[in-house]
Structures are given as C-alpha cells and as structure tokens.
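> This is a predicted model, with the sequence first.
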Amino acid sequence: MSEITGLSNAAESLEPLVANGRIPMRRVWTMLALRSGLSFALLLSLALVFGIRGHENPIPESAAWWLWFVTTVNIVCILLMLRFSRWEGLRLRDLFFARKSTWRGDLFWVLIGVLGISAFAILPGMWLADVLWADTNYPNTMLIQAIPLLAVYPLFLLMPATQALAELPLYWGYVAPRLRASGFSHWVVIGIVGCVLSVQHMFFAFQIDWRYDLWLAIKYLPFALWTGYIIHRRPTTLPYLMVVHFALDASLPVLLLLVSRGMPLPG
C-alpha cells in the first residue's frame, strides 16, 4: 500500500485473517454497502410515515432530514467498526492508521491531499450543476431544506464529529485494506470504493429528479478517488484527512440553520 510497514491494518497484515475466514468477505461487502443502504432505508421509512399522514410531497420532505440520516448511519458505522476490529484482534485506532512516529513524512502527503481536496470537494459539483441547470446554486436549494430549529442545533457537533470518525475510516480504513487482502489490485479497490463513496450521497438525500440524483451521485467522485489514492500512498495521513473532513462538513449544519430560519443560501 505504501512505503510504511508494520501497520496491523495493512492489507498484507490482514491476508491471513481473510484466508482463514476470520474476516469473512460478506462482512466487508456489507460494510461497503451499509451507508447507502441504511440511509436510504431511513429516508424511505420517514417518507412512508409522511405519506400515511397525508403529506403531499413525502419524499422531498423526508430528504430534508438527510443530515440526521447520515448522523444515525455514522453512529452505526462507528459501533460496527469498533466491534469488528475487536473480533479481528485490532483496535479502532488501527483502522485510522494512527501512528505518531510518521508525522513528519505525513505532512507532505497531507499537504498534497488538501490541495486536491480543496479543488475536488467543491468545483466538480459546481461545474456539474452548471451543465445540468445552468445554475450552480439550484441543486443546493433542493439539498438543504428547512427542518424545525430544535432539530438543527444538535447537528452542529454530532454531524461533523461522527462523519469524521465514520466515513473515510469505513471506506479507506476498513473496507479498502480488506478488499486488497482478498486479492484485488489497489487500482480496482480505489475504483470500487471511490465509486460507492460518491454514489452514497444520492441515497442520503434522494428525490425523484434524475438530474438532482445524478448530481448527488457523481459530484464527489473526484474527491473520493483522490482521498483513496492519497491514503493508498500514505495510510497514516488518514487521521489528518479526518480532521479536514470534519472542517468541511461543519458548514452543513450552518447552512441548514440559515434555511430553517428562512434565510437564503449563500450564492
């Protein structure tokens, strides 16, 4: 995976556990699909409740709660990673590739990673929105919808904190090394995991609008593939990228608060 050796969560360290069945691959594939499947189930369940109660637009109204769906799924992911890592003889921190001794070498790769993330996290979504609607802000008005104010405030801490601990660690700290240990090449793993990481966003906030769903599904694909490449080259950058991820997602509850107070999104 990189020039760093001796990581207990590296693919080469996990190969014997995969070979002897201690890490069943059905568990790995389930974890890969978990965030998409569970968040979509929550969205549809709430939409069903709204539909039974006579709401005219149950799916869009349910999708407005997507930050809570993500937060709930994050908590489930963290608990499962904690349990599975123990079953595999690891600690949760091992899935984060946490290693203090490598910090000097990590900083170079963190810098490279942040430079790519600063472009890939926002610009592709803006470009795609301009192609689909000729309006870079239009899909954001569909994504960020008002919910009761009391439901917004807990998200300021819960959403970015759980997101940082769950998303990148699940995909690149848990799933990716185990797929590599099962025999997949690193480029295939980056492609598979990166695509799922990107497509999951469609299931977080799905609505019946193909352009909007397409925008959600692929807007983060460059970000997903880039983070996968950086963590492949330097696994010990993952804790730093988790901090960056926290900072990026901390703005989402702020935007939700603005809209819930009746204010427009920043243009």
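Yes, it's here.
> Just the buried residues of stretch 67-85, please?
Using 16 or more other C-beta atoms under 10 Å as the test for burial, stretch 67-85 gives 67-74, 76-78, 80-81, 84-85. Every residue, glycine included, has its C-beta placed from N, CA and C.
> which one of those residues sits closest to Gln207?
Using C-beta to C-beta, Phe69 is the member of those that lies nearest Gln207, at 13.3 Å.
> Hmm, Ser36 and the closest one touching each other?
No. Using C-beta atoms under 8 Å, Phe69 makes no contact with Ser36, being 11.0 Å away.
> Near Val254, how many other residues are there?
12 (other C-beta atoms under 10 Å).
> try Trp29
15.
> For it, give its distance to Cys195.
14 Å (C-beta to C-beta, to the nearest Å).
> Check Asn57 too.
Where Cys195 is concerned, Asn57 sits at a distance of 30 Å (C-beta to C-beta).
> any idea which residue sits dead centre in the chain?
Nearest residue to the geometric centre of the chain (C-alpha atoms, centre = their mean): Glu167, 3.8 Å.
> Could you double-check that it sits in contact with His245?
Yes. Using C-beta under 8 Å, Glu167 is in contact with His245, at 6.7 Å.
> Just the closest of the buried residues of stretch 67-85 to Val18, please.
Closest to Val18, out of all of the buried residues of stretch 67-85 and judged by C-beta to C-beta, is Phe84, at 13.0 Å.
> The longest helix along the chain packs against which elements?
Determined from DSSP state H, the single longest helix within the chain is helix 25-52. Counting contacts by 3 or more C-beta pairs under 8 Å, 6 or more residues apart in numbering; DSSP states H and E, helix 25-52 packs against helix 58-63, helix 66-87, helix 176-181, helix 186-204.
> Go again with 7 Å.
helix 58-63, helix 66-87, helix 186-204 (3 or more C-beta pairs under 7 Å, 6 or more residues apart in numbering; DSSP states H and E).
> Can you convert these into a markdown table and add a column each for distance to Leu143?
Listed next are the helices and strands packed on helix 25-52 as a markdown table, based on distance: least, C-beta to C-beta, whole Å:
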| stretch | distance to Leu143 |
| --- | --- |
| helix 58-63 | 8 |
| helix 66-87 | 8 |
| helix 186-204 | 9 |
